[in-house]
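Novice: Quick one: sequence plus predicted model below, questions after.
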Amino acid sequence: MAAAVRMRRDTTRMTEIWDDQLLWYARAVRVMQGKPETDPTSWLFQANIHGTSDGREDPEWNNCPHGGWFFLPWHRAYILCFEEIVRRVVEEELGGPDDWALPYWNYTRVTNGDPNSPESQACRRLPSPFLSPDWPDGTGDNPLFLAPGPQGRDPDAAEGSSIEWPEVNPHQAMQAPDFTGAMQFGSADTDSQAVHFNPGGSGLLEMQPHNLIHGFVGGVMSQFFSPQDPVFWLHHSNIDRLWAAWLTNSAHRNPTDADWLGFTHHFRNAQGARVGLTTQDLLSEQQLGYSYESLTDGVGLKPPERLVAMLPVGANPPSEQVVAATGTTDLGAEALTVPLTPEPGARPSALPEAASPETPSRAILTIDGVRADAPPGTNYRVFVGARPDSAEDLDPEGPYFIGHLHFFGAVGDSAHHHHHAHAGAGLTFRFDITDHLTELRRLGTWDGEGIPPVVVTPAPLGPPPAAPGTEAREALGARERREAHRMPTVPPDSHPRIGSISLITT
């Protein structure tokens, strides 16, 4: 689609707060926001392609495919066409350069091998121009800034807190050997049609870091009209970069199925005309006219060996026996213990048998109905057998951690809940905790009797930037800052909750 190859640059490596690429972007956003929604090159029309905030129907709107194998190519085409629209505005309407390219927010970048260093934490904050209402000259109305609130951003993210490393580390996705399949890079769902929202089909990259970044930024970003937030496009530029980086491993391959390669994605180009791009058209960034500053920075660090596998929602194991369950659980800003009630008639030996390496039985924890009335501005971590008041037990690299919950696509009465039969009831997360329970028995923290409790806690945040003039204190307190965590603010009206938790054995 483009003659020259333009470089998409890393915002975390920009030496000026208002780098030219970000300044021209902000100016173009302001121009696009001033155009009527009926103009295909306007800010709202472009955002509506992904999702609307009020449920209005239009064949070109509410089309983002989440939870399927079209997630990555569709979004590649989406940000490519958006980039061309912005470039045309920069060049023809603002008199700027003709080589503008969409930057990427490299929140997965780690400096000096330490994800907890102040420099690494800075990469996981919103880029500086998104944190201030002012332009470089000090005047207000910077369009990259959104005020805290449900129609803006989460207050913690808006003030410059950073998301923590365990929520963004893409290592598991980047090491996945296949694009399709359960717990693989792209998706477990290979439907020949692009499903708008399939909450059970997300691949590893979509689950983390994609979904968790949406939850961290919160506000508009936690809902399907998230492209109204200017940082959406930089976020998806990084997700697209990670796809390109995954393919640098010669053993990794994109699907070769005709249904995937031949599927046509429809958008508007820089002139506002309709264009169709097949997935086959989208497989080479160079041929599409762009490259990334680095395909080796921010591709993940190997965590301690994981004992838990997250299962696709559609993977219902055979011969299930419900061992324990609980009803609706309201979540908040503190760690919460959810005791599971043994099911009448369940064999007392069922769970210990599943935790024994001598038997083929499995233990599956299913969390259903995860949703909120308004953006909660946080993701949640889930532990089994942990003490809620023990920082050691609540370490996401420790033996009690089993995974994350997020609310992306399950907030309020978004129109997108009407596009999928199950989305309105919330999201479902299923974890195979068999090896986890075996490890707890080995450690002596569970003796096989009773049901280990489930603990759900908001994901802590990294510290906001140090105040001006405190650089020396920050340098002296680097170790303390690495160890510092802040609990997020959870608005009371967001009402994040879990519909039910069940523990089954197979």
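Specialist: It's in. Note that this is a predicted model, so its numbers are computed, not measured.

Novice: How is residue 275 classified with respect to secondary structure?
Specialist: Following DSSP: H, G, I helix; E, B strand; the rest coil, residue 275 is assigned to strand.

Novice: Verify the contact between it and residue 267 for me.
Specialist: Yes - contact criterion C-beta atoms under 8 Å: residue 275 and residue 267 qualify, at 5.8 Å. Using the backbone N, CA and C atoms, a C-beta is placed for each residue, glycine as well.

Novice: For the two, list the residues in contact with both.
Specialist: Common neighbours of residue 275 and residue 267, counting by C-beta atoms under 8 Å, 6 or more residues apart in numbering, are residue 81.

Novice: between those two, which one's more packed in?
Specialist: residue 267 (23 against 17; other C-beta atoms under 10 Å).

Novice: Other residues contacting stretch 161-168?
Specialist: With C-beta under 8 Å, 6+ apart as the test, stretch 161-168 has contacts from 107-108, 110, 115-116, 120-125, 157, 208-209, 212-213, 216, 303, 379, 381, 396-397, 404, 459-464, 485-486, 488.

Novice: Among those residues, which ones are in helices?
Specialist: 120-123, 157, 212-213, 216 (DSSP state H).

Novice: which of those residues lies closest to residue 350?
Specialist: Each of these was scored against residue 350 by C-beta to C-beta, and residue 212 proved nearest at 32.9 Å.

Novice: List the contacts of that closest one.
Specialist: Taking C-beta under 8 Å, 6+ apart, one finds 163, 167-168, 379, 404, 406, 459 in contact with residue 212.

Novice: Tell me where the stretch 401-506 of the chain has strands.
Specialist: Along the stretch 401-506 of the chain, the stretches classed as strands by DSSP state E, counting those that start in this stretch are 401-405, 427-432, 454-458, 461-462, 497-498, 500-505.

Novice: From residue 100, how far out is residue 25?
Specialist: Using C-beta to C-beta, to the nearest Å, residue 25 is found at 8 Å from residue 100.

Novice: could you say what helices and strands the longest strand along the chain packs with?
Specialist: Determined from DSSP state E, the single longest strand within the chain is strand 363-370. In terms of contacts (3 or more C-beta pairs under 8 Å, 6 or more residues apart in numbering; DSSP states H and E), strand 363-370 is packed against strand 401-405, strand 427-432, strand 497-498, strand 500-505.

Novice: and the gap between the spatially most distant residue from the centre of the chain and residue 451?
Specialist: Within the chain, residue 345 marks the point farthest from the mean C-alpha position, 39.7 Å out by C-alpha atoms, centre = their mean. According to C-beta to C-beta, residue 345 stands 15 Å off from residue 451.

Novice: Then residue 489?
Specialist: Per C-beta to C-beta, residue 489 is found 32 Å from residue 451.

Novice: now, among the contacts of residue 212, which is nearest to residue 83?
Specialist: residue 168 (23.3 Å).

Novice: circling back: now flag whichever of the contacts of residue 212 is closest to residue 181.
Specialist: Out of the contacts of residue 212, the member with the shortest distance to residue 181 (by C-beta to C-beta) is residue 404, at 20.6 Å.

Novice: State the pLDDT value of the closest one.
Specialist: Listed pLDDT for residue 404 reads 95.

Novice: list the contacts for it?
Specialist: If a contact means C-beta under 8 Å, 6+ apart, then residue 404 has 167, 207-208, 212, 379-382, 459 as its contacts.

Novice: now the residues you listed in a markdown table, with pLDDT and distance to residue 139?
Specialist: Putting those into a markdown table (pLDDT from 0 to 100; distance: C-beta to C-beta, whole Å) gives the following:
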| residue | pLDDT | distance to residue 139 |
| --- | --- | --- |
| 167 | 96 | 35 |
| 207 | 94 | 40 |
| 208 | 95 | 38 |
| 212 | 97 | 34 |
| 379 | 96 | 35 |
| 380 | 97 | 39 |
| 381 | 97 | 41 |
| 382 | 97 | 45 |
| 459 | 95 | 36 |
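
Novice: In CSV: the residues you listed, plus distance to residue 55.
Specialist: CSV is the format used below for those (distance: C-beta to C-beta, whole Å):
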residue, distance to residue 55
167, 30
207, 26
208, 29
212, 26
379, 26
380, 27
381, 32
382, 32
459, 30
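
Novice: looking at this structure, which helix or strand is least sure?
Specialist: Every helix and strand in the chain was compared by mean pLDDT, DSSP states H and E; the lowest is helix 471-476, with a mean of 42.
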